[in-house]
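Colleague: I would like to see how this sequence folds:
(chains A, B, C and D)
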There are 2 protein chains.
Amino acid sequence: MPYTYDYPHPAVTTDIVIFTIRQDELKVLLIKRALPPFQGEWALPGGFVNLDESLEAGARRELEEETGVKDVYLEQLYTFGAPDRDPRERVITVAYYALIPSDKIELRAASDAEGVSWFGLQELPALAFDHAEILQAAHARLAAKLDYSTIAFQFMPKAFTLSELQQVYELILRGPVDKRNFRKRILGLNLIEDTGETRKTGAHRPAKLYRAVDPHRVDVIK
Amino acid sequence: MPYTYDYPHPAVTTDIVIFTIRQDELKVLLIKRALPPFQGEWALPGGFVNLDESLEAGARRELEEETGVKDVYLEQLYTFGAPDRDPRERVITVAYYALIPSDKIELRAASDAEGVSWFGLQELPALAFDHAEILQAAHARLAAKLDYSTIAFQFMPKAFTLSELQQVYELILRGPVDKRNFRKRILGLNLIEDTGETRKTGAHRPAKLYRAVDPHRVDVIK
DNA sequence: TGACTTAGTGTGCTTCTTACACTATAGTTC
DNA sequence: GAACTATAGTGTAAGAAGCACACTAAGTCA
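Modeller: The predicted model follows:
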């Protein structure tokens, strides 16, 4: 059933950079393309926008299809529209990025639909289209936002230790963070509270567990 | 001559929030719509993206058509795609904003094609589509960038005084800026240099004129 | 020459940032 | 059960940055 217009229209997709933290690494979800173009290569999840849904709704739909998760942090990143970025036709993609807490994953990706996999940012395969550029832009945005917002909490499970939170910062920023200054700063925000519980993870002192006061909220700070 | 696709495609436009500073006010260029929908109402300049041009090229084309200027600061702002934002068909718009130095305007807008006008942000008319939302997002981005980048220089003519630069900050941030601290900070950046000239503008001491060391460059600072 | 207007300049106080090292508490080993 | 090991948890001092603040300089004009 064809669709006809008086002048040419591009196709519009949403692509999503889905980040999570797993095995002490910042990881991204990629999909092995089953069809040409770039058949067999890895690409960001994404798809065409339905005409009756908003861009964000389209991105959330793709996100849920691939990971099974809802209600996670999702932010529009940038719109990529070089004329030749897709060899089939003109395709403009509105890129989003999503952050998934470590206790929410494995819902569908674990069902391990052959051809869906998490990759550490250090061990990325070659990517289809301009997806390497999109991924790099997403990582840059994420790292920048760590400095002036509370976005890092979006990676955390309901209860977490300060060491775990610090590790998130260190993984994304790719460098060490001073423990005392970090704890002073985070606790000073009054955005997390002591749960009263502790977590024992080995032959050492157990760590206090904290929870976010308002887990979905991302504030600009400083 | 119709264009046919196997599945529905949205239309894609670029809309541009064109800022400049004139008559001691931060102003935005608007166009009175000659055709429905929203005929007779004011709207941001913009238009459909040609299939063989990049998004930024499309935005620059629209910008030059309306103002005659090239080579000014232009940055992608956000992509707006609510399903009902245009009553005719699904239209997704990639919004940009541009900053025009005060010595570059009047090229075409001054030719005053009836229906093109600069508006101060305080005296905006009702806007067509979701353009009020786009404009507000552009102003918020601009104000935020003043704090952590050198974007303000993009408003300045080749030679300018520190008082003029300070006024740009005050207009965009909508509040007073301390003169001594401002001058200390700006001069400390080493991004402007004394031209050796002065400007006399009335019955008072003349002001030194400065120029940007690298006028097109926008750096992140602090 | 005195009045007026905008340009131009420095300091001290406060706040924030940063660097840095030891004690606490659990498990494990012998 | 004593010693060992590993991570959790804590405070301070020095330097940097931010902020508030008031007078002099150099023109024009009456």
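Colleague: Show me what counts as buried in stretch A:200-220.
Modeller: By neighbour count with 16 or more other C-beta atoms under 10 Å in any protein chain shown, stretch A:200-220 contains the buried residues A:207, A:209-212, A:215, A:218. (Each C-beta comes from the backbone N, C-alpha and C, glycine too.)
Colleague: from the residues you listed, which are also near DNA strand D?
Modeller: Among these, proximity to DNA strand D is found for A:Ala207 (C-beta under 7 Å from any atom of the strand).
Colleague: count of neighbours near A:Ala34?
Modeller: For A:Ala34, the neighbour count with other C-beta atoms under 10 Å in any protein chain shown is 9.
Colleague: so it sits in a strand?
Modeller: No - with DSSP: H, G, I helix; E, B strand; the rest coil as the criterion, A:Ala34 is coil rather than part of a strand.
Colleague: Could you list the residues of chain A in contact with DNA strand D?
Modeller: Within chain A, the positions near DNA strand D by C-beta under 7 Å from any atom of the strand are A:161-163, A:179-181, A:183-184, A:198, A:201-208.
Colleague: Narrow those residues to those in helices?
Modeller: A:162-163, A:179-181, A:183-184 (DSSP state H).
Colleague: just how off-centre is the helix ranked longest in chain A within its chain?
Modeller: Longest helix in chain A by number of residues (criterion: DSSP H): helix A:131-148. Relative to the centre of its chain, helix A:131-148 is centred 10 Å away, using C-alpha atoms, centre = their mean, to the nearest Å.
Colleague: again with stretch A:174-191
Modeller: The gap between where stretch A:174-191 is centred and where its chain is centred comes out at 22 Å by C-alpha atoms, centre = their mean.
Colleague: Compile the ones in helices among the residues of chain A next to DNA strand D into JSON lines and extend it with columns for pLDDT.
Modeller: Converted to JSON lines, those look like this (pLDDT from 0 to 100):
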{"residue": "A:Leu162", "pLDDT": "98"}
{"residue": "A:Ser163", "pLDDT": "98"}
{"residue": "A:Lys179", "pLDDT": "98"}
{"residue": "A:Arg180", "pLDDT": "98"}
{"residue": "A:Asn181", "pLDDT": "98"}
{"residue": "A:Arg183", "pLDDT": "98"}
{"residue": "A:Lys184", "pLDDT": "97"}
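Colleague: are any of the residues you listed buried, and which?
Modeller: A:Leu162.
Colleague: picking up where we left off before, please name every helix or strand in contact with the longest helix of chain A.
Modeller: Judged by 3 or more C-beta pairs under 8 Å, 6 or more residues apart in numbering or on different chains; DSSP states H and E, helix A:131-148 is in contact with strand A:11-22, strand A:73-80, strand A:91-100, helix A:162-173.
Colleague: let's see 10 Å
Modeller: Applying 3 or more C-beta pairs under 10 Å, 6 or more residues apart in numbering or on different chains; DSSP states H and E, one finds that helix A:131-148 makes contact with strand A:11-22, strand A:25-32, strand A:42-43, strand A:73-80, strand A:91-100, helix A:162-173, helix B:131-148.
Colleague: Would you convert the ones you listed into CSV that also reports distance to DNA strand C?
Modeller: Converted to CSV, the helices and strands packed on helix A:131-148 look like this (distance: least, C-beta to the nearest atom of the strand, whole Å):
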stretch, distance to DNA strand C
strand A:11-22, 23
strand A:25-32, 22
strand A:42-43, 37
strand A:73-80, 24
strand A:91-100, 24
helix A:162-173, 12
helix B:131-148, 13
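Colleague: Distance to A:Ala138 for the ones you listed - can I get that in a markdown table?
Modeller: Converted to a markdown table, these look like this (distance: least, C-beta to C-beta, whole Å):
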| stretch | distance to A:Ala138 |
| --- | --- |
| strand A:11-22 | 4 |
| strand A:25-32 | 8 |
| strand A:42-43 | 14 |
| strand A:73-80 | 5 |
| strand A:91-100 | 4 |
| helix A:162-173 | 11 |
| helix B:131-148 | 19 |
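Colleague: Which one of these lies nearest to B:Gly47?
Modeller: Ranking those by proximity to B:Gly47 (C-beta to C-beta) places helix B:131-148 first, at 13.6 Å.
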